[in-house]
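# Just the structure for this:
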Amino acid sequence: MSRVFCIPGIIFLTCALILSVLVSISLPFLPALDFVRVHFDGVVAPGGEEMTQLRLGIWAPCYYAANGARTCLSASHAYSISISNAQKTANVIISSSWTRGLAVHPVATAVTFIAFAMSFSTHHMVTLLASLTSFLAALLTLIAFAIDIALYAFVHHEIGKLPDVNGHTNTSAAFWMTFVTLLLLLLAGCTVCFGRRRDRMSGAASYPMSSYNKPSFFSRFRRNKV
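As a prediction, this is how the structure comes out:
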């Protein structure tokens, strides 16, 4: 593939892979990389103490107490968490059905890595597969991003149901990193496609066309010499 398109494609895939790997690690291993973050007053954490902030990652939720101490639940796939107001007269549950889909992120990361590995090849068929794999990774990332949006909307709705709670639900770093990863994967797939098309067009133009002289009208009536 032409280096004009090859190098940008590799750069796009490299950036997408780095972002996707960081997002896939998420909480509780990287405290700053969560998808949904809630700031509130008058909320009781699962341990019974007052909670001022809740962060939701792929593998676990983490909450912060009033004294700044951070507590994360045990890392597991498809976790659930219960949140109550200070009087414990009402509570909401973020069930595992809303967090199970976050596991799509590591799957998208694995497909992105495959596309990244194939992007270094100069073989036309491998570059075509790299482009298709990039679009597949983009599709999986789009699904993961849709799950993130659904989780944010659900948490925002549930926190609003708690009485006597001043809560603010916001999207966080991993949410927007997923969106940037989606754009980079689409750019990478299009770049590889354009580079492969340019190579095919340049190869077709390199073949010389044989000259052909159209016979005149009177030459049809001439006798062929024996």
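# all contacts plus neighbour counts: C-alpha atoms, from now on.
OK.
# What are the boundaries of the strands in the chain?
Taking DSSP state E as the criterion, the chain contains strands spanning 36-44, 50-56, 61-65, 70-72, 81-85, 91-94, 166-171.
# Only the buried residues of stretch 125-140, if you could.
127-140 (16 or more other Cα atoms under 10 Å).
# Can you tell me which of the strands of the chain is packed in deepest?
Highest mean neighbour count among the strands of the chain (mean count of other Cα atoms under 10 Å): strand 50-56, with a mean of 23.
# list the contacts for V43?
By Cα atoms under 8 Å, 6 or more residues apart in numbering, the residues touching V43 are E50, M51, T52, I83, S84, N85, A86, V165.
# contacting residues around the closest residue to the first one other than its chain neighbours?
Okay, so that is E50. Using Cα to Cα, 6 or more residues apart in numbering and skipping the chain neighbours, the partner closest in space to E50 is V44 (4.7 Å). Contacts here follow Cα under 8 Å, 6+ apart; on that basis V44 touches E50, M51, I83, S84, N85, A86, K88.
# Provide a list of residues in contact with the most centrally placed residue in the chain.
Nearest to the mean C-alpha position of the chain, by Cα atoms, centre = their mean, lies T141 at 3.3 Å. Residues near T141 by Cα under 8 Å, 6+ apart: V104, H105, A108, T178, T181, L182.
# Please repeat the previous calculation with a cut-off of 6 Å.
A108, L182 (Cα atoms under 6 Å, 6 or more residues apart in numbering).
# Tell me where the protein is predicted with low confidence.
Across the chain, the ranges flagged by pLDDT under 70 are 1-6, 42, 46-48, 192-226.
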